[in-house]
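Visitor: With the input below, show me the fold.
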Amino acid sequence: MKKILHLGLLLILLLSACDNKDEIAPGERPDERLNQTLSDYKNQLVGAENGWKAILYPAGGAAYSFFIKFNANDRLSMASDINANTAATPLESTYRLKAMQQPALIFDTYNYMHILADPDPRQSNGDVGAGKYSDFEFSFESVTPETITLKGNLQGSRLVLTKATKDGADNFISRIAESVKTFESINNFTTYFKRLLIANQTFDFSADTNLRQITITYSEGGTTKSFTTEYYYTEAGIEFLTPFAVGSTNITGLSAMQYNASNKTIQFTVNNVAGTIRESTSPAAVDLQAARRFYNNPPNGVYWVNFTGFTVEGVEDAFGVNNINGFEIITFYKQPDPPYDGFIFWTADDFFGPAIRTQFRNDGRIVFAYDGAEFGTPPAAAEAVVDATRAQLIIPEGYYVIQVGPNSYDLVSAKDAKTWISF
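Guide: Residues are numbered from 1 along each chain as shown. Here you go, the predicted structure:
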């Protein structure tokens, strides 16, 4: 009995010793360490007296710049290069740091960062229901005294904060806004084709300033090739997310940009070499097979579809096809009545349009011949629109055919490149 008692006391002492060994020192509990980390991160955000320069890379592509000043009361001030208003008008909102699976920075009231994630395309200029696939809740990935890198919790966007100087606080966004204004002057060009010239080399150049995406088309070894990348604006110009490299040419972006309104050119430098983007009436590189690919491969095997008619000098639906009562679509119909193809207007209860014969030129152009045959009869109210569209369609110079996607083509007037139609 005494042995049992002694063994029991020994066991109690051992268990007590183990309990004492497992006790966690003050400040070492996981929740305490996490709270300390959040406090340290907040102190770093707030402690940057000149604020932070930020670049947000949405999962949907491209990148956008912000200037953010965090305050200790969980409020912040923000400006951005998303558009002219967000650049000119700082916006106040709130933020918080929260313990999630990782320490997180959450922009918890609507601000300019939310615009890119807004599911309403009227706000984001993005996709319905998704915007530009961006985030406003982020987890900390790496932290140094000068730079903080975060990752979006929903879409996986990347946000990089860099501590600003006094000059950066005063001028970061305003300088970028000047870069935006200069480069977006390319939208004032009246020709479809834009020519990029640098170091005795010539390329076709196009820019989608909504998507912040550029495409460079060139000929290499007799083959037409194209290169596409997103870009973002900097204080010096634009920076390509993927550099363009062909031969001895390596372009990572365009610097020192200047727009000349009188002759519609943008001058720039690349690696201290001067270059120019200007209007052009023809492509630098012609895809000789594009016309036949377009004609022979409508997506449903039968016809191509258009919703806006011709664009003239950048003005969409220049002839007003959408003013036709009950208008639905235009189809370029492949030989509904051989040897004729049909350029047919469809309304809710009728169809009409010219019967044409499609011809191919050795230099890559497509030409539409017209001998007076028609499919159906347009109503009187639509005659002017149909006549103007027909007159444009059958110009003797024909069209260069530009493949802009797996199943999409632009037909560009070979007369002056100021008129085009998209299918």
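
Visitor: so where do the strands sit in the stretch 51-200 of the chain?
Guide: 52-57, 64-70, 75-80, 91-94, 96-99, 103-106, 137-143, 147-152, 158-163, 193-198 (DSSP state E, counting those that start in this stretch).

Visitor: Across the sheet, point out what pairs with Val315.
Guide: Val312 (DSSP bridges).

Visitor: Quick check: it vs Ala388, distance?
Guide: Distance from Val315 to Ala388, counting by C-beta to C-beta, to the nearest Å: 13 Å. For glycine as for every other residue, the C-beta is placed from the backbone atoms N, C-alpha and C.

Visitor: Likewise for Phe332?
Guide: 17 Å.

Visitor: Give me the more crowded residue out of those two.
Guide: Phe332 (24 against 17; other C-beta atoms under 10 Å).

Visitor: What's the local residue count around the closest residue to that one other than its chain neighbours?
Guide: Of all residues not flanking Phe332 in the chain, Trp304 sits nearest, at 4.4 Å (C-beta to C-beta, 6 or more residues apart in numbering). Residues near Trp304, counting by other C-beta under 10 Å, number 22.

Visitor: residue contacts, Trp304?
Guide: Applying C-beta atoms under 8 Å, 6 or more residues apart in numbering to Trp304 gives the contacts 294, 298, 331-332, 409, 423.

Visitor: now this protein, which segments are flagged as low pLDDT?
Guide: Scanning the chain with the threshold set as pLDDT under 70 gives 1-28, 30.

Visitor: coming back round to it: and the gap between the residue nearest to Phe332 and Ile238?
Guide: Counting by C-beta to C-beta, the gap from Trp304 to Ile238 is 33 Å.

Visitor: Also Val286?
Guide: 27 Å.

Visitor: Just want to know which of these two has more residues nearby.
Guide: Between Val286 and Ile238, counted using other C-beta under 10 Å, Ile238 has the larger neighbour count: 22 against 19.

Visitor: Against Thr229, how distant is that one?
Guide: Counting by C-beta to C-beta, the gap from Ile238 to Thr229 is 11 Å.

Visitor: same deal with Leu150?
Guide: Taking C-beta to C-beta, one finds Leu150 at 24 Å from Thr229.

Visitor: In terms of packing, which of those two has more residues around it?
Guide: Neighbour count, other C-beta under 10 Å: between Leu150 and Thr229, Leu150 has more, with 24 against 18.

Visitor: Okay, and the beta partners of Thr419?
Guide: Beta-bridge partners recorded for Thr419 (DSSP bridges): Val312.

Visitor: where's Gln403 relative to Thr311, distance?
Guide: 17 Å.

Visitor: again with Ser206
Guide: Distance from Ser206 to Thr311, by C-beta to C-beta: 14 Å.

Visitor: now Thr144
Guide: Distance of Thr144 to Thr311, given as C-beta to C-beta: 49 Å.

Visitor: So this protein: which segments form each domain?
Guide: The chain breaks down into these domains under automatic domain parsing: 30-164, 182-280, 290-422.

Visitor: neighbour count winner among Thr144 and Thr311?
Guide: Taking Thr144 and Thr311 together and counting by other C-beta under 10 Å, Thr311 has the greater number of neighbours (19 against 10).

Visitor: hang on, the earlier thing: so which of the contacts of Trp304 sit within helices?
Guide: Among the contacts of Trp304, the ones falling in helices (DSSP state H) are Phe294.

Visitor: Could I get the contacts of Trp304 in CSV, plus columns for distance to Lys53?
Guide: Shown next, in CSV, are those (distance: C-beta to C-beta, whole Å):
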residue, distance to Lys53
Phe294, 45
Pro298, 48
Thr331, 50
Phe332, 49
Tyr409, 41
Phe423, 43
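
Visitor: just the contacts of Trp304 now: which is nearest Phe189?
Guide: Phe189 has its nearest neighbour among those in Tyr409, at 20.6 Å by C-beta to C-beta.

Visitor: Count the neighbours of that closest one for me.
Guide: Neighbours around Tyr409, by other C-beta under 10 Å: 24.

Visitor: contacting residues for it?
Guide: 290, 294, 304, 401-403, 422-423.

Visitor: Could you rerun that using 6 Å?
Guide: Contacts were defined as C-beta atoms under 6 Å, 6 or more residues apart in numbering; by that measure Tyr409 touches 294, 401, 403, 423.
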